[in-house]
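Undergrad: Here's a sequence, model it:
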Amino acid sequence: MIAQIISPILVSVLVIVGGLYTLWAFGSHFPCANEQALARAVIGRRGITRMPSLRSCLLNAFWLFAAAVLAAWLGGYFTLPLPDFPRKVLMALMGFAAGIAFLGRGIIGVLPAFERATPELPFLTLNRRVYSPLSFLVGLGFILLVLSLPNWSWRLGLA
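TA: Okay, here's the model as predicted:
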């Protein structure tokens, strides 16, 4: 039951953010007026005037789309033709790795050292209000998806 709620939410959030990175890779300034404003809102490094390269934006988009596929897999929307034991271990390891990565971004994003490295406005405000909390919640969602896998000893899959 938990997975049927969390998985589609995670997939939606990750696909939307991945789609934004794809748009930015090809020169869109949405939702800002120009590239400098977008770079200050999305990257936030001191004195930034341009968005990262096409390759960097597409790499971010790729990993976000890969995380969306992982969330769909953990939610049971498709399966891989693997024997039961390696599939379960792979699902758990990948789910926990994604969870730790997103939780880490959420926690690191509010540390003073991170904020000193990314002082541009509106990034600083957006990071405190949107980026870090959203990253933390996505990470928590991945951890809950792993814990709710069916036929595991902790039986959260029955919830």
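
Undergrad: Please identify the buried residues of stretch 115-134?
TA: Within stretch 115-134, the residues scored as buried using 16 or more other Cβ atoms under 10 Å are 115, 118, 120, 123, 127, 131-132, 134. Backbone N, C-alpha and C define where each C-beta goes, glycine included.

Undergrad: Over to stretch 74-88?
TA: Going by neighbour count (16+ other Cβ under 10 Å), the buried part of stretch 74-88 is 74-75.

Undergrad: circling back: can you tell me which of the buried residues of stretch 115-134 is closest to residue 16?
TA: Checking the buried residues of stretch 115-134 against residue 16 with Cβ to Cβ, the nearest one is residue 134 at 10.7 Å.

Undergrad: Save the buried residues of stretch 115-134 as CSV, and put in secondary structure too.
TA: Below are those laid out as CSV (DSSP: H, G, I helix; E, B strand; the rest coil):
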residue, secondary structure
115, helix
118, coil
120, coil
123, helix
127, helix
131, helix
132, helix
134, helix
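
Undergrad: which of these sit farthest apart?
TA: Put simply, by Cβ to Cβ the two of the buried residues of stretch 115-134 set farthest apart are 120 and 134, 18.9 Å from each other.
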